[in-house]
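S.K.: After the sequence you'll find the predicted model.
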Amino acid sequence: MRSLRVSLSWIFAFSGLICLLIVVRYVRWIFLHPPHPQSETRVLPGLVVPLVFSILTAIYAMSWWTTLREKRSERGWGLAASLSYIVLGFLPVIVHHLINNARVRQMPERPLLVALGIGVAGIVAFGRRIDRTDAARPPKPTPIPGDGTSKIANALVGLFTFAGSYGVFVWWSYWRHLKGIPRMNLGFVAGFLILTLIGLAIALLHELGHTLAGTALGMKLRAFIVGPFQIVLTEGRWKFHFDLKKIFSSGGATGMVPMTADFPAASYARMVAAGAVVNLATGLVAIWVAFAMPSGAPVQARGLLALFGAFSLLAGAVNLIPFATAGSYSDGAKIFQLLNGGAWGDFHRALSFAGAGLVTPLRPRNFDIGTIERAATGIGRGREGLLLRLFAHTCHLDRSEMDAAAYWLKDAARIYEESASDIPAELLTVFVFGYACVVRDAAEARKWWDRMEAKKPTRFNVDYWRAKSALDWIEGNLKEANEAWQKAAAAALKLPRAGAYEFDRDLCGVLLYEIDASAAGQQSALVAVGAME
C-alpha cells in the first residue's frame, strides 16, 4: 500500500505541474486580451478557471509532498486529490446534464476512464489508515554532524525539484513556440508515459556514468538498478529482478566495489560525480542538437529532444546538491564526505574494506580496525553508525576477540533501537548469531530472530540458516540446530572464493563445534543418569 501511495503521489505531482501551467497561461491570456469596456462583468467569471486550477495545484502538490515525507496529513491530501480525479472521470456525465452540447457528448471516454481508475486507486490507497505510532514506524532519519547536509537543504530540495520541473515545462513550451513545432495532443496518460520514459533514460545514463567511471578506475560492478529493472550480483551470481512496485520510478542505483581496501577517496569521489557529469553532458548535447536542427527534422520528435535535455540538466544539478533522503545521501553529499575526510572519510574507507572482501581474499580480520573505530566514534547514529559497529564486530569476531566483538554488537543494538530500525531483515541475522554464539544470551537471540521474521525476509541464504542454527543451539534444540546447520553449510559451499565468504564458512565450522560439544555433553549426561539408575 505504501508503494501505491508513492506512485500515485508522482502522478499527482505531474498533474499539479499541468494545472499550474494552465493557471499561468490563462492569467497571461486575460492580461494580454483585456475585456471590452462593455463586458467588464465577464472578468469575474473568467477568473473562476485560474482559481479552480490553482486550488487543484495546491491539492496535488501537498499530496505529493506529504506522501513522500510520510506526514500525518498525507491521507487527507491524498483523498482530496483522488476525489478530484473521480470528478474528472464523471465530468462528461455532469456537464452533459448541465449543458446539452454535442461537443461534450463527443469527449473521448478512454482518458476519462483512466482518470476514474486513478481516482479509485487513490481512494483505496489513501482510504486505509496507517498506524503512525512510534512502535510501528521507523525513527525519522536526522542529519549526522559533518555529513555535508542541512535541514534546510533536505526540506527544500523537493520544492526546488518541483519548481525546476515547472520551469523546464515553461521554457520548453516557449522554445517550441519559437521553433514553430506544433503541440502534441497526446492526452494525460500518453504524456505521463513519455515523461516516465524520459526519466528512465536520464536515470540509465546517470547510472552508466557511475559504472563506466568506476570500471575505468579499477572497481567492479555488483548492482545496477534503473526504475523497476534490477541486476544484482548476489553471492557470485548475477540475478535479474523486475520490481513492479517501481514501475513509475525514474530513480536508480549503482553498486561499485573497490578491488583493494586502500582505494583512494578521490577516485571514489570521481566515480560518484560521473553520474551527474554524464547527465549535464548529455543534456547540453541534446539541447545543442535541438537548437541546431530545423523544426521539421525527424530528430526533433516534436521537441522531445529539447525536453529530455532540459530535464537531464535539472537532474544533474539536483544530484550535485548535498542533501539526505530517508534512505541515503545524494551524490553531492557523498562527494563532500569523500573529499572532506574526517569521520566520513573513514566511513567510506570502511565501506571499501567490506566491498573488497566480496571480490578479493581480504577477510574481516584484515580490516583496519583503527579506521573503523574512529569512524564509529564520529558517526553515532543511523544506518551508517550501525554498519560501522557491525564491521567492528565482525573484525574482532574473525580475530577471536570475543569481548570486543560482544561490545560492538551491543553498541550496534543500541543504534538500532535509537535510529536505525529500518535496516533490511538480512542484517538482523548478524545480531541473532552474535547474541547466540558470542554473548551467549538466548533471550536476546530470540528477540532479534522475532524482529527479523517480522520484517519478512526473502533471502534464505547461509546467513539465515546459520542464524537459525545458532538460535536453536542456544535454546537447546540440537536436532533442529543440526538440520539448519546442514542447510547453512550447503549454502556456504556454493559461495565463491573471496575473503568475506571464507569467513562465512569458518563461522559455520565454529557453530558445528558448539553443536557437537553440546550434543556430547547431553550424551554424557544421559550416560551418567543411566549409570546412576
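M.R.: Looks like it arrived, so ask away. What you are looking at is a predicted structure, and each value in this text was computed from that prediction instead of being measured.
S.K.: isn't residue 466 right up against residue 430?
M.R.: No - using Cβ atoms under 8 Å, residue 466 is not in contact with residue 430; the gap is 10.0 Å. Yep, even glycine has a C-beta here, placed from its N, CA and C like the rest.
S.K.: quick one, which of the two is more surrounded?
M.R.: With neighbours defined as other Cβ atoms under 10 Å, residue 466 and residue 430 compare such that residue 466 has more, 27 against 18.
S.K.: show me the contacts for the more buried one.
M.R.: Residues near residue 466 by Cβ atoms under 8 Å, 6 or more residues apart in numbering: 429, 433, 484, 485, 488, 492, 504, 507, 508, 511.
S.K.: so what's it scoring on pLDDT?
M.R.: Here, the pLDDT recorded for residue 466 equals 96.
S.K.: do the same with residue 111
M.R.: Predicted confidence (pLDDT) for residue 111: 52.
S.K.: in a helix, that's where residue 321 is, yeah?
M.R.: No - assessed with DSSP: H, G, I helix; E, B strand; the rest coil, residue 321 is coil; it does not lie in a helix.
S.K.: Just give the nearest non-adjacent residue to it, would you?
M.R.: Distance criterion Cβ to Cβ, 6 or more residues apart in numbering; nearest residue to residue 321, sequence neighbours excluded, is residue 332 at 5.0 Å.
S.K.: Give the burial count for the one you found, as a bare number.
M.R.: Close neighbours of residue 332, defined as other Cβ under 10 Å, add up to 22.
S.K.: again, but for residue 308
M.R.: Residue 308: 23 surrounding residues under other Cβ under 10 Å.
S.K.: Next secondary structure after the helix or strand where it lies?
M.R.: Using DSSP states H and E, residue 308 sits within helix 304-319. Proceeding C-terminally, helix 304-319 gives way to helix 331-340 as the next helix or strand, assigned by DSSP H and E.
S.K.: So which elements touch that following helix?
M.R.: With contacts taken as 3 or more Cβ pairs under 8 Å, 6 or more residues apart in numbering; DSSP states H and E, helix 331-340 sits against helix 265-292, helix 342-356.
S.K.: can I get those in JSON lines with mean pLDDT, distance to residue 393 and mean neighbour count?
M.R.: Below are the helices and strands packed on helix 331-340 laid out as JSON lines (pLDDT from 0 to 100; distance: least, Cβ to Cβ, whole Å; neighbours: other Cβ atoms under 10 Å):
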{"stretch": "helix 265-292", "mean pLDDT": "93", "distance to residue 393": "24", "mean neighbour count": "19"}
{"stretch": "helix 342-356", "mean pLDDT": "89", "distance to residue 393": "12", "mean neighbour count": "23"}
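S.K.: TSV for the ones you listed, including distance to residue 8?
M.R.: Listed next are the helices and strands packed on helix 331-340 as TSV, based on distance: least, Cβ to Cβ, whole Å:
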stretch	distance to residue 8
helix 265-292	27
helix 342-356	35
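S.K.: Compare those helices and give me the one nearest residue 307.
M.R.: Of all the helices and strands packed on helix 331-340, it is helix 265-292 that lies closest to residue 307, at 8.7 Å by Cβ to Cβ.
S.K.: pLDDT on stretch 507-525, on average?
M.R.: For stretch 507-525, mean pLDDT is 84.
S.K.: So, low pLDDT: which residues of the protein?
M.R.: Regions of the chain meeting the criterion pLDDT under 70 cover residues 1-3, 30-47, 89-114, 130-143, 183-191, 245, 247-249, 295-302, 326-327, 522-533.
S.K.: how is it carved up into domains?
M.R.: 2-129, 158-335, 343-352+361-411, 424-533 (automatic domain parsing).
S.K.: Any chance of those domains in JSON lines with distance to residue 149 as columns?
M.R.: Listed next are these as JSON lines, based on distance: least, Cβ to Cβ, whole Å:
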{"stretch": "domain 2-129", "distance to residue 149": "16"}
{"stretch": "domain 158-335", "distance to residue 149": "5"}
{"stretch": "domain 343-352+361-411", "distance to residue 149": "11"}
{"stretch": "domain 424-533", "distance to residue 149": "23"}
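S.K.: Which one of the ones you listed lies nearest to residue 146?
M.R.: Smallest distance to residue 146 across those (Cβ to Cβ): 5.9 Å, for domain 343-352+361-411.
S.K.: Pull up the distance across the closest one, start to finish.
M.R.: 18 Å (Cα to Cα, to the nearest Å).
S.K.: one step back: can I get the contacts of residue 466 in a markdown table including secondary structure?
M.R.: Shown next, in a markdown table, are those (three-state DSSP):
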| residue | secondary structure |
| --- | --- |
| 429 | helix |
| 433 | helix |
| 484 | helix |
| 485 | helix |
| 488 | helix |
| 492 | helix |
| 504 | helix |
| 507 | helix |
| 508 | helix |
| 511 | helix |
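S.K.: In a markdown table, list those along with neighbour count and distance to residue 202.
M.R.: Output for those, formatted as a markdown table (neighbours: other Cβ atoms under 10 Å; distance: Cβ to Cβ, whole Å):
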| residue | neighbour count | distance to residue 202 |
| --- | --- | --- |
| 429 | 24 | 37 |
| 433 | 26 | 42 |
| 484 | 23 | 46 |
| 485 | 23 | 48 |
| 488 | 25 | 43 |
| 492 | 22 | 41 |
| 504 | 19 | 38 |
| 507 | 21 | 43 |
| 508 | 21 | 45 |
| 511 | 23 | 47 |
